[in-house]
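Visitor: Predicted structure and sequence below. I'll ask about it afterward.
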Amino acid sequence: MTILVIGGAGFIGSHMVKRLCEEGESVIVLDNLSTGFRDAVVGGEFIFGDFGSRALLSDIFRTHDIDTVMHFASFIQVGESVTAPAKYYLNNVSNTLQLLDLMVEHDIKQFVFSSTAAVYGNTGSEPITEAHACAPINPYGRTKRMVEEALEDFNRAYGLNFFSLRYFNAAGADPMARIGERHYPETHLIPLVLQAASGRRDAITVFGRDYPTPDGTCVRDYVHVDDLCEAHLLAVRALRKGHKGGFFNLGNSRGYSVAEVIEAAQRVTGRPITVWDAERRAGDPPVLVADASAAVDALSWVATKPHLDVIVEDAWRWERKKGLKW
Ligand SMILES: NC(=O)c1ccc[n+]([C@@H]2O[C@H](COP(=O)([O-])OP(=O)(O)OC[C@H]3O[C@@H](n4cnc5c(N)ncnc54)[C@H](O)[C@@H]3O)[C@@H](O)[C@H]2O)c1
Ligand SMILES: O=c1ccn([C@@H]2O[C@H](COP(=O)(O)OP(=O)(O)O[C@H]3O[C@H](CO)[C@@H](O)[C@H](O)[C@H]3O)[C@@H](O)[C@H]2O)c(=O)[nH]1
């Protein structure tokens, strides 16, 4: 049985491919390298191509014994999704619906989907459970929620079983720094803070200090990419044992403020970090913290790297890696 990993050359997908290969799984990676990197794919069979190609996907499904599809490929920038929604709806929704249609056609019934906390929209400061209403406030979040709704319908009509894993803030890197986070442009806080520490960037800009949080900066739930991958692996195994899946938050159920992240980066790197203050970034909720107890219960998922300093340490090793072509 083979697992098809779509988007396996990206940040989270590449860590997933590494983990699956370490587990001895047979893996095929499909990626068009639009935001991913060929050298991030450390195992499995690599197929260069667009998952929006019906012919290519049909060919892959026909010629390989695939039982599970893990789908990481999408565009991920909230701001860009507001100014270029067509790009997001086409790749994140249309292409994914076609993928699901082809899976049904080829009788492939197990699907693991990269969803996001952005499906919830505006929330209070309490940890968010899956029972919280989904009311995304930007096109990126809406594209993910639309796929989730389609998944419920595909499950009912065609028996396609899925885990839709709603990540909170993915961060960290492979502890050996073989692979790590590479987004261009980078918009995520932890890599940006570490770029300020390494000197690749002059400073880190804090977007808003007037939020209703203890220190006035936004609070997020940072989860190590390897812990995310562990949950995905458990999800695949659960599907293979007949688990029906569903929607699950993935986070550490502990929030850290932007100021706390900067302090952690100073502690870990031992370097001064210049901080600039700026206005709030549009669309940022004050607090986003997961209640991930459903994933813990359903999958026996235990996050092994919940501490912010460990997440930052692994990301820092990657940032400092010599010879990397940025
Ligand atoms: N990074 C986060 O904090 C975060 C949080 C929540 C959810 N997610 C979700 O996790 C998934 C992975 O995120 P990431 O940070 O690894 O992103 P990424 O941009 O690093 O990886 C996405 C990968 O998909 C590939 N891809 C995109 N469109 C494709 C297409 N049409 N055909 C083939 N390949 C295609 C890209 O080349 C890239 O390798 C995304 O679906 C994202 O929405 C990420
Ligand atoms: O230069 C920066 C970058 C970010 N931030 C702040 O840091 C926090 C975290 O921002 P970022 O790392 O960009 O992550 P989020 O905007 O929280 O979004 C991530 O986490 C969400 C789930 O929580 C996912 O839905 C998104 O896909 C993913 O990008 C936010 O308060 C930002 O305002 C800054 O102050 N300065």
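Guide: Perfect, I can see it now. Ligands and ions are numbered 1, 2, ... in the order given.
Visitor: Any chance you could list what contacts the one helix or strand Leu100 maps to?
Guide: Assigned by DSSP states H and E, Leu100 falls within helix 95-105. Applying Cβ atoms under 8 Å, 6 or more residues apart in numbering, the contact partners of helix 95-105 are 6, 50-52, 54, 57-58, 61, 69, 71, 73-74, 109, 111, 147, 150-151, 154, 158, 160. The C-beta positions use only the backbone N, C-alpha and C, and glycine is treated the same way.
Visitor: Mind checking which of those residues are in strands?
Guide: 6, 69, 71, 111 (DSSP state E).
Visitor: Just name the closest of these to ligand 2, please.
Guide: His71 (15.0 Å; Cβ to the nearest ligand atom).
Visitor: residues near that closest one, how many?
Guide: 25 (other Cβ atoms under 10 Å).
Visitor: Dig out what it forms beta bridges with.
Guide: For His71, the beta-bridge partners under DSSP bridges are Ile6, Phe113.
Visitor: Touching, it and Ser114? I think so.
Guide: Yes: in terms of Cβ atoms under 8 Å, His71 counts as a neighbour of Ser114; the distance is 6.4 Å.
Visitor: any shared contact partners between those two?
Guide: With Cβ under 8 Å, 6+ apart, His71 and Ser114 have common neighbours Gly7.
Visitor: got any ranges where this protein has weak pLDDT?
Guide: For the chain, the stretches with pLDDT under 70 are 322-326.
Visitor: from it, which residue is nearest to ligand 2?
Guide: Cys218 (3.0 Å).
Visitor: and that residue, what is it in contact with?
Guide: By Cβ under 8 Å, 6+ apart, the contact set of Cys218 is 207-208, 211, 257-258, 284-287.
Visitor: Out of the residues you listed, name the ones that lie in strands.
Guide: Counted as lying in strands by DSSP E, out of the contacts of Cys218, are 207, 257, 287.
Visitor: could I get these as JSON lines with distance to ligand 1?
Guide: Formatted as JSON lines, those follow (distance: Cβ to the nearest ligand atom, whole Å):
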{"residue": "Phe207", "distance to ligand 1": "16"}
{"residue": "Ser257", "distance to ligand 1": "17"}
{"residue": "Val287", "distance to ligand 1": "16"}
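Visitor: Neighbour-wise, give me the winner out of those residues.
Guide: Ser257 (21 neighbours).
Visitor: List the beta-bridge partners for that residue.
Guide: Val219.
Visitor: isn't it right up against Gly208?
Guide: No: look at Ser257 against Gly208 with Cβ under 8 Å: they stay out of range, at 10.9 Å.
Visitor: Now the common contact residues for these two.
Guide: Common neighbours of Ser257 and Gly208 (Cβ under 8 Å, 6+ apart) are 217-218.
Visitor: Near ligand 2, which residues of the stretch 1-150 of the chain are found?
Guide: Contact residues, the stretch 1-150 of the chain versus ligand 2 (Cβ under 6 Å from any ligand atom): 76, 116-118.
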